[in-house]
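Novice: Provided below for reference: sequence and predicted model.
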Amino acid sequence: MHKLLSNWSSNIKSLPESYIFPAESRPGDAIVPFFNTIPVIDLHTGRHHAVQQVLEACRDFGFFQVINHGVDENLLIDTRMVVKEFFDMPNEEKADLFSEDANKKCRLCTSTYDYDIEKNHLWRDNLHHQCHPVDDFIHLWPQKPARYRDVIMKYSLQMGNLSTRILELIGEWIGLGPGYFGDGLTGVQIFSANHYPACPNPNLALGLPKHRDPTLITFLLQDAIHGLQVYRNGEWFGIKPTPNDFLVILGQQIQVISNGKLTSPTHRVVTNSSNHRISIVFSINPKPDSIIEPAKILIDNSNPPLYQSFQSKTFRKTYQEKGDYGEDSLDDYKVKA
Ligand SMILES: O=C(O)CCC(=O)C(=O)O
Ligand SMILES: [Fe+2]
């Protein structure tokens, strides 16, 4: 519990040694331009138009912004508010949720699962829990703030619906047909809230290092503070936060299912010295025993499978053990030419 940044980060003037990333991976003082051409999908416009946009965005970038998404705007505000209230609570109120056990279904932690062995600590505290089906997990969620369970239940249900719509569009485009992403591929839905406090030396620290999401697909809700950056063609680009809309980030498991037609982008989170930042990540993940493989319908003589089959849980284990945040986790599963 004493490790949580919220306990001590506001009392220090310089970054502790264990938070200083090596020169090759720290942000440094390079000026990072904003990415100006984020693909935007408007779910209100005609279906065909939306599919075309998804198509290009998913192949080229692996991420896109979704507007007119159907999730209540007030619910977005309430969700950010209860999360902020949670992180702002005195430590005694949060102590029962703090845990270093990665198997806990609802837990508050700092940095990563491996705090005691990791080379560098991340400048973030994190609350995460499972949320599908809601009734199976809601009793584990924070009891304070008083509105937490009610608000996050509504958020989880609406995000579940949004993810179904987006996965249908993606499935349609890559030729999987309707209903491909059933419960086996989407049954583990995780709500994960990051709190990145103001950092005394943002050039040396990272909120999250360079990584590719191990999920099927990730929906990111941000506040108004910049922090997310994507890596494209050897350069970092900042993503302007859009607090009313979602950024959809494709995960590595959908890259495999699409046989490489979809890209899972590399990204990281930087901190800043004047503001704290909250981000809310809703991820859709396959059930642990589900088999992940290039969809058979996409495979023929001219499109051989690029990846071997694996169980979702085996991949997650590789991701964690390699400790490189997913840069090479798919290498073990590539079909050798
Ligand atoms: O905080 C963010 O903006 C992104 C978080 C993220 O990339 C993740 O949780 O995988
Ligand atoms: Fe991520």
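Specialist: Alright, I've got the coordinates. Ligands and ions are numbered 1, 2, ... in the order given.

Novice: Show me what counts as buried in stretch 275-288.
Specialist: Residues of stretch 275-288 classed as buried: His276, Arg277, Ile278, Ser279, Ile280, Val281, Phe282, Ser283, Ile284, Asn285, Pro286 (neighbour count, 16 or more other CB atoms under 10 Å). Where C-beta positions appear, they are placed from N, C-alpha and C, glycine not excepted.

Novice: Identify the residues contacting the fourth one.
Specialist: Looking back up the chat, that one is Ser279. Residues counted as contacts of Ser279 (CB atoms under 8 Å, 6 or more residues apart in numbering) are Ala193, Asn194, Tyr196, Leu220, Leu221, Gln222, Asp223, Gly227, Leu228, Val269.

Novice: Report the backbone C-alpha coordinates of the helix or strand where it lies in PDB.
Specialist: Following DSSP states H and E, one finds Ser279 within strand 277-285. Coordinates of each C-alpha in strand 277-285 appear next as PDB, following Å, rounded to 0.1, in the frame of the first residue of the first chain:
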ATOM      1  CA  ARG A 277      -4.100  12.400 -15.800                       C
ATOM      2  CA  ILE A 278      -6.800   9.700 -15.700                       C
ATOM      3  CA  SER A 279      -7.400   7.200 -18.400                       C
ATOM      4  CA  ILE A 280     -10.100   4.500 -18.500                       C
ATOM      5  CA  VAL A 281      -9.400   1.400 -20.500                       C
ATOM      6  CA  PHE A 282     -12.200  -1.000 -21.300                       C
ATOM      7  CA  SER A 283     -10.800  -4.100 -22.900                       C
ATOM      8  CA  ILE A 284     -12.400  -7.000 -24.600                       C
ATOM      9  CA  ASN A 285     -10.500 -10.300 -24.200                       C
END
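
Novice: What pLDDT is listed against the closest residue to ligand 1 within the stretch 151-300 of the chain?
Specialist: Among residues of the stretch 151-300 of the chain, the one nearest ligand 1 by CB to the nearest ligand atom turns out to be Ser279. It sits 3.2 Å away. At Ser279 the predicted local confidence, pLDDT, stands at 98.

Novice: Bridged to it, which residues?
Specialist: On DSSP bridges, the residues paired with Ser279 through beta bridges are Asn194, Gln222.

Novice: Leaving out chain neighbours, which residue sits closest to Asn272?
Specialist: Leaving aside its chain neighbours, Asn272 sits nearest to Pro202 (5.1 Å; criterion: CB to CB, 6 or more residues apart in numbering).

Novice: Could you do Asn259 as well?
Specialist: Pro294 (3.7 Å).

Novice: Return the residues in contact with the one you found.
Specialist: For Pro294, the contact set (CB under 8 Å, 6+ apart) comprises Val256, Ile257, Ser258, Asn259, Gly260, Pro305, Leu306, Tyr307.

Novice: just the residues of the stretch 51-200 of the chain that are near ligand 1, which are they?
Specialist: Residues of the stretch 51-200 of the chain lying near ligand 1 by CB under 6 Å from any ligand atom: Ser192, Asn194.

Novice: pLDDT weak spots in the stretch 51-200 of the chain?
Specialist: By pLDDT under 70, the low-scoring segments of the stretch 51-200 of the chain are 51, 53-54.

Novice: per-residue pLDDT, the residue sitting furthest away from the middle of the chain?
Specialist: Here the centre of the chain is the reference, and by CA atoms, centre = their mean the most remote residue is Asn301, at 34.7 Å. Reading off the per-residue confidence, Asn301 sits at a pLDDT of 96.

Novice: thinking Thr79 is in contact with Ile152, fair?
Specialist: Yes - with contacts defined as CB atoms under 8 Å, Thr79 counts as touching Ile152 at a distance of 6.8 Å.

Novice: sec struct for the residue nearest to Asn272, please.
Specialist: Look at Pro202: counting by DSSP: H, G, I helix; E, B strand; the rest coil, its state is coil.

Novice: for it, what are its contacts?
Specialist: For Pro202, the set of contacting residues under the criterion of CB under 8 Å, 6+ apart consists of Pro27, Val270, Thr271, Asn272, Ser273.

Novice: again with Ala102
Specialist: The neighbours of Ala102, taking CB under 8 Å, 6+ apart as the test, are Tyr113, Gln320.
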